[in-house]
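**Q** mind looking at a prediction? Sequence and model below.
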Amino acid sequence: MPLPTPTLHTARLRLRPFDNADTNVLFALHSNAYVLRYWDSPPWTERSRAERFIAACREMADGGTGARLAVDRVSDGAFIGWCSLSRWNSDYRSAALGYCFDEAAWGRGYATESARALLQWAFDTLNLNRIQAETDTRNVASARVLEKLGFVHEGTLREDCIVNGEVSNSWVFGLIKREWRPSS
């Protein structure tokens, strides 16, 4: 069952489906080693990776497995990152939250604001019951975003991935619909 990617608006942001015009800004984001220092995949070195990412966004929506949205700042229209729901399972009413933002956008509440809008859509439109998120244990800023959104730290996945050649741990966070506070 397809999952149409929404366009969502907040006071400062617009979340929208990716399009081919996003290739260059997406490549710039994912080729930044500092931005991806806690990711379990290396920075991109080929522009074609951005093209495949955008195609995968469409496939995700067409296949009904999730929604990945580009995030633009309303004040100047600049692309600042993306926010997504993946692993959507309608039977279990669950999905996984993810996001990636340019370092110039860090510390301004954009990740929290965009994720909050996407979570509201997920709980209201998809009738999800549970949303899970994971972050590298060294990525304290990302963990803080999740806590601001009401996610609860549920555990640690020990040595679950390799990040920049090092074995890494991940924290698992969960948010249940009945605990969701949209304006928290």
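**A** Done, it's in. Numbering: from 1, shown residues only.

**Q** any stretches of this protein with poor pLDDT?
**A** Applying pLDDT under 70 to the chain flags residues 1, 184.

**Q** hmm, try it at 90
**A** Scanning the chain for pLDDT under 90 picks out 1-5, 39-41, 60-66, 88-91, 125-126, 160-167, 181-184.

**Q** the strands in it, which residues?
**A** When secondary structure is read from DSSP state E, the chain shows strands at 8-9, 13-17, 67-73, 79-89, 94-101, 130-136, 152-163, 166-176.

**Q** in TSV, list those strands along with distance to S41 and mean neighbour count.
**A** Every C-beta, even on glycine, is put in place using the N, C-alpha and C of the backbone. Output for the strands of the chain, formatted as TSV (distance: least, C-beta to C-beta, whole Å; neighbours: other C-beta atoms under 10 Å):
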stretch	distance to S41	mean neighbour count
strand 8-9	26	15
strand 13-17	23	20
strand 67-73	15	24
strand 79-89	14	21
strand 94-101	11	21
strand 130-136	12	20
strand 152-163	9	13
strand 166-176	12	17
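
**Q** can you list these in a markdown table and add distance to W121?
**A** Rendered in a markdown table, the data for the strands of the chain read as follows (distance: least, C-beta to C-beta, whole Å):
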| stretch | distance to W121 |
| --- | --- |
| strand 8-9 | 6 |
| strand 13-17 | 9 |
| strand 67-73 | 8 |
| strand 79-89 | 8 |
| strand 94-101 | 11 |
| strand 130-136 | 11 |
| strand 152-163 | 21 |
| strand 166-176 | 14 |
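
**Q** for W44, which of those is the nearest?
**A** Proximity to W44 (C-beta to C-beta) singles out strand 94-101 among the strands of the chain, at 11.8 Å.

**Q** identify the residues contacting E147.
**A** Contact partners of E147, counting by C-beta atoms under 8 Å, 6 or more residues apart in numbering, are 153, 173.

**Q** neighbours of Y34, how many?
**A** By the measure other C-beta atoms under 10 Å, the count of residues near Y34 is 7.
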